[in-house]
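>>> this one's sequence-less:
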């Protein structure tokens with residue numbers, strides 16, 4: 001998590017994915033030094049951590065740009081459809097900057113040539129902790145927000161009231177956003193409190209053993225609160241996606257947005273939820289281990305999880321390329337058990353009226369079967385919105 005249990009053994013707040021200075025030794029301490037010359041004499045594992053942090057920074061920056069570019073595919077009048085993706089772009093950019101700052105911190109806290117101002121290292125650590133708080137607070141709500149919207153569309157497309165899902169209910173939205181607020185407040189408190197303690201150490205204040213123990217216990221408790229919130233957020237996402245998919249299946253609705261979130265994003269949400277408490281338990285129970293190797297493993301696992309979750313969200317935007325699909329849900333519910341049709345397919349598949357023979361021996365021509373039914377005088381080409389819905393004409 002953002003703050004490790006052995007924070008007060010060093011004046012630098014280690015980030016969750018970077019355990020430099022964490023429990024078990026092997027990290028940087030206090031007035032760390034680094035080489036700004038061309039010959040960076042850091043260990044190979046540290047250089048590998050630096051390389052992966054740069055890789056995740058570039059990939060997440062590209063994902064952010066793609067999300068912003070695909071916003072134009074969403075119907076302009078459907079602001080609620082754009083909102084989750086705007087938030088996803090903000091969080092993805094925050095995580096990208098987080099990895100960039102992590103790479104800078106890795107560079108500064110390794111090597112032996114030139115001394116880096118400890119206050120600058122502290123500021124970098126505080127910024128990383130804050131961006132980490134933004135990530136764990138808002139990344140889960142992006143998926144839950146999409147579930148809210150797709151739940152409304154599923155209820156609108158269902159033929160009976162018993163097909164509705166609790167995912168889009170008012171109380172569920174309230175609980176989801178309450179999770180966001182609580183996680184954000186807890187994360188900001190941990191970041192602020194650790195910065196306060198580290199500043200006190202840097203300014204030459206001597207902490208007694210009792211003060212260190214009290215600060216350690218406070219941070220440990222808040223750290224586990226953050227772990228619990230991350231796990232509960234993950235369980236919320238798992239239950240919401242599965243419940244919504246089951247409700248759509250019962251209503252005979254084919255929603256590829258939820259399907260792609262289930263196939264791409266959900267597995268990495270589960271991995272992240274399992275990894276979070278496992279790492280904390282390891283940190284608090286093990287005393288002798290290679291923190292650099294452990295940091296490298298976390299960089300790879302957590303970077304992969306974060307990146308794939310955002311890529312899964314990005315892939316759902318491709319399914320909203322038709323403005324009508326973005327607004328009306330990209331699917332239709334049918335009561336006959338047949339495969340649901342996309343909106344533009346429906347326009348081309350209205351049943352043709354059966355001509356009534358005017359006299360015996362009269363044979364209707366094929367063109368008579370190709371006329372659209374009355375009340376639908378327009379044809380909707382794929383990817384273009386109609387000028388008006390039937391019920392508005």
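It's in. Please read all numbers here as calculations on a predicted model, not as lab measurements.
>>> which residues of the stretch 1-150 of the chain score low on pLDDT?
Counting by pLDDT under 70, the stretch 1-150 of the chain shows low-confidence ranges at 1-39, 74-80, 111-115.
>>> where along it do the strands fall?
Remark: strands assigned in the stretch 1-150 of the chain by DSSP state E, counting those that start in this stretch are 33-34, 114-115.
>>> SS state for residue 252?
What DSSP: H, G, I helix; E, B strand; the rest coil gives for residue 252 is coil.
>>> cool, and residue 289?
Put simply, residue 289 is coil when judged by three-state DSSP.
>>> and it, how many neighbours?
Here the number of neighbours of residue 289 (other CB atoms under 10 Å) works out to 16. C-beta here means a position set from N, CA and C on the backbone, and glycine is covered the same way.
>>> ok, now residue 132?
24.
>>> these two touch, right, it and residue 98?
Yes. Applying CB atoms under 8 Å, one finds residue 132 in contact with residue 98, separated by 6.2 Å.
>>> how about residues contacting stretch 226-239?
With contact meaning CB atoms under 8 Å, 6 or more residues apart in numbering, stretch 226-239 is reached by 1-2, 136, 140, 143-144, 147, 175-176, 179, 182-183, 186-187, 190, 266, 269-270, 272-273, 276-277, 280.
>>> in it, what's buried?
226, 227, 229, 230, 233, 234, 236, 237 (16 or more other CB atoms under 10 Å).
>>> could you dump the residues you listed to JSON lines with secondary structure and pLDDT?
As requested, those are exported to JSON lines (DSSP: H, G, I helix; E, B strand; the rest coil; pLDDT from 0 to 100):
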{"residue": "226", "secondary structure": "helix", "pLDDT": "93"}
{"residue": "227", "secondary structure": "helix", "pLDDT": "94"}
{"residue": "229", "secondary structure": "helix", "pLDDT": "94"}
{"residue": "230", "secondary structure": "helix", "pLDDT": "94"}
{"residue": "233", "secondary structure": "helix", "pLDDT": "94"}
{"residue": "234", "secondary structure": "helix", "pLDDT": "95"}
{"residue": "236", "secondary structure": "helix", "pLDDT": "94"}
{"residue": "237", "secondary structure": "helix", "pLDDT": "95"}
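>>> could you save these as JSON lines and add columns showing distance to residue 61?
Shown next, in JSON lines, are those (distance: CB to CB, whole Å):
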{"residue": "226", "distance to residue 61": "26"}
{"residue": "227", "distance to residue 61": "28"}
{"residue": "229", "distance to residue 61": "27"}
{"residue": "230", "distance to residue 61": "24"}
{"residue": "233", "distance to residue 61": "24"}
{"residue": "234", "distance to residue 61": "25"}
{"residue": "236", "distance to residue 61": "28"}
{"residue": "237", "distance to residue 61": "24"}
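>>> grab the nearest non-local neighbour of residue 139.
Sequence neighbours aside, residue 91 is the residue nearest to residue 139 in space, at 5.1 Å (criterion: CB to CB, 6 or more residues apart in numbering).
>>> neighbours of that neighbour, just the number please.
By other CB under 10 Å, 27 other residues sit near residue 91.
>>> how about residue 255?
Applying other CB under 10 Å, we find 24 residues neighbouring residue 255.
>>> residue 123 too?
Neighbours of residue 123 under the rule other CB under 10 Å: 13.
>>> ok, now the one 3 residues further on?
Taking other CB under 10 Å as the neighbour definition, residue 126 ends up with a count of 17.
>>> pretty sure it contacts residue 195?
Yes. Here residue 126 reaches residue 195: they are 4.7 Å apart, a contact under CB under 8 Å.
>>> name only those of the contacts of stretch 226-239 that count as buried.
Buried among the contacts of stretch 226-239 (16+ other CB under 10 Å): 1-2, 136, 140, 143-144, 147, 176, 179, 183, 186-187, 190, 266, 269, 272-273, 276, 280.
>>> quick one: the strands in the stretch 151-300 of the chain?
Per DSSP E, counting those that start in this stretch, the stretch 151-300 of the chain carries no strands over any range.
>>> which residues in it form helices?
Secondary structure of the stretch 151-300 of the chain by DSSP state H, counting those that start in this stretch: the helices cover 170-202, 209-250, 256-260, 266-285, 291-318.
>>> of those, which approaches residue 50 most closely?
Between residue 50 and the helices of the stretch 151-300 of the chain, the tightest spacing by CB to CB is seen for helix 291-318, at 9.4 Å.
>>> what residues sit buried inside the closest one?
Within helix 291-318, the residues that count as buried by 16+ other CB under 10 Å are 291-292, 294-296, 298-303, 305-317.
>>> poorly predicted segments of the stretch 151-300 of the chain, please.
Looking at the stretch 151-300 of the chain by pLDDT under 70, you get 153-165.
>>> on that earlier part again, residues contacting the residue nearest to residue 139?
Residues in contact with residue 91 (CB under 8 Å, 6+ apart) are 134, 135, 138, 139, 142, 310.
>>> make CSV out of these and add distance to residue 216.
Compiled in CSV, the contacts of residue 91 are given as follows (distance: CB to CB, whole Å):
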residue, distance to residue 216
134, 25
135, 25
138, 29
139, 28
142, 34
310, 34
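>>> pretty sure residue 195 contacts residue 127?
No. Between residue 195 and residue 127 there is no contact under CB under 8 Å: 10.0 Å.
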